[in-house]
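J.: Got a sequence here, can you model it:
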Amino acid sequence: MKLPTHKTKIVCTIGPASRSEAVLERLMLLGMNVARLNFAHGTLDGHRQVIRRIRAVAEKLQRHCMIMAELPGPKIRIGKLLEEPLLLEKGDEVVLTVKDLTGTADQIPVEYKQLPESVTPGNLIFLNDGFIQLQVEKVLGEEVFCRTIIGGPLLSHKGLSIPGVRIVADAVSESDLEFVAFALQEEVDAFGVSFAETGEDILKVKRFAQEKGQSAYVVAKIERAEAIENFDGILSAADAIMIARGDLGVQIPLQDVPVVQK
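T.: Numbering: from 1, shown residues only. Below is the predicted model of the structure:
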């Protein structure tokens, strides 16, 4: 059975390589009908320019393209690296630190101050969406000493996940609400709530929009084990669900992801 095209959403993430008018036009002609802007990267002024460019291209082509603003949420990331890529090889000792510094082969900064108290020897730490795997050997003060299990190249600001360890951070922070206010001003069509844990995370965005005299179409991203446990509440509150298989696949066993998705 062939679905009507208007019911099929083809979502494209718009970044530095795809935000030019020529590329946006080609994407729309090939079927893009949702443009995703990741507010974890870039500047507000840059996002404003891209939003207006998307609308201009859509008007030129006489096509509707929904714009979805994805909130950064509480994803843990490493900091800035002095030289990129930093190559981690199997067996290497890696020191993760919560100190404010530029990363080198000796120390890699992590933008999560609770990291040392959140892990214990034996914990696995995944970098770069799970492509790099470390194992915690010891924790000393602000530093977590690890051994590289699976190596690879690492770039600045890549994500960090700790399977089985709950991250103590709100899915929707005050900083996220500032992004919501900006996106409402720009009249975006939808919001993506990253790392949603409960239905309350979704309602927080909806209530904030209502206080501004507007409404918000909210897409809940399922990428935490807690979201699976609280799925009924999230489903009731959200307008749409997105399964973020990359991040979810490092939070739960990879073979469970298709079952959870179904």
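J.: Helices of this protein, residue ranges please.
T.: 21-29, 44-61, 115-118, 174-185, 199-211, 225-229, 231-237, 245-251, 257-261 (DSSP state H).
J.: mind listing what's buried in the helix or strand of the chain with the lowest mean pLDDT?
T.: Of all helical and strand segments in the chain, the minimum by mean pLDDT, DSSP states H and E falls on helix 245-251, at a mean of 77. Using 16 or more other CB atoms under 10 Å as the test for burial, helix 245-251 gives 247-251. Where C-beta positions appear, they are placed from N, C-alpha and C, glycine not excepted.
J.: Point out the other helices and strands that that helix packs with.
T.: Judged by 3 or more CB pairs under 8 Å, 6 or more residues apart in numbering; DSSP states H and E, the packing partners of helix 245-251 are strand 159-161, helix 257-261.
J.: thinking again about what came up before, can I get the helices of the chain in CSV with distance to E83?
T.: Below are those laid out as CSV (distance: least, CB to CB, whole Å):
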stretch, distance to E83
helix 21-29, 29
helix 44-61, 25
helix 115-118, 23
helix 174-185, 29
helix 199-211, 37
helix 225-229, 35
helix 231-237, 41
helix 245-251, 26
helix 257-261, 34
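J.: And these, which one averages the lowest pLDDT?
T.: Least confident of these, judged by mean pLDDT, is helix 245-251 with a mean of 77.
J.: who's in contact with that helix?
T.: 75, 126, 129-130, 159, 161, 163, 195, 222-225, 257, 260-261 (CB atoms under 8 Å, 6 or more residues apart in numbering).
J.: so which of those comes closest to P116?
T.: Distance to P116 across the contacts of helix 245-251 (CB to CB) is lowest for S161, with 16.5 Å.
J.: Who does that closest one form a beta bridge with?
T.: Per DSSP bridges, the residues bridged to S161 are F126.
J.: dump the residue contacts of it.
T.: 76, 125-126, 129-130, 247, 250-251.
J.: Next, work out how far apart it and G15 are.
T.: From S161 across to G15, the span is 21 Å (CB to CB, to the nearest Å).
J.: What sits closest to I162 if chain neighbours are left out?
T.: Nearest residue to I162, sequence neighbours excluded (CB to CB, 6 or more residues apart in numbering): I125, at 5.5 Å.
J.: my guess is that neighbour meets V139, correct?
T.: No - using CB atoms under 8 Å, I125 makes no contact with V139, being 11.7 Å away.
J.: of all the helices of the chain, which lies closest to G91?
T.: Of all these, helix 245-251 comes closest under CB to CB, at 21.3 Å.
J.: Setting the sequence-adjacent residues aside, check what's closest to D189.
T.: In space, and not counting its chain neighbours, D189 is closest to M66: 4.3 Å by CB to CB, 6+ apart.
J.: for stretch 107-118, which positions count as buried?
T.: Under the neighbour-count criterion of 16+ other CB under 10 Å, stretch 107-118 has 107-110, 112, 115-116, 118 buried.
J.: Can I get these in CSV including distance to A190?
T.: Output for the buried residues of stretch 107-118, formatted as CSV (distance: CB to CB, whole Å):
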residue, distance to A190
Q107, 39
I108, 35
P109, 33
V110, 31
Y112, 28
L115, 32
P116, 37
S118, 32
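J.: between the residues you listed, which is closest to D45?
T.: P109 (26.4 Å).
J.: show me what contacts the closest one?
T.: Applying CB under 8 Å, 6+ apart, we find P109 in contact with 78-80, 96-103.
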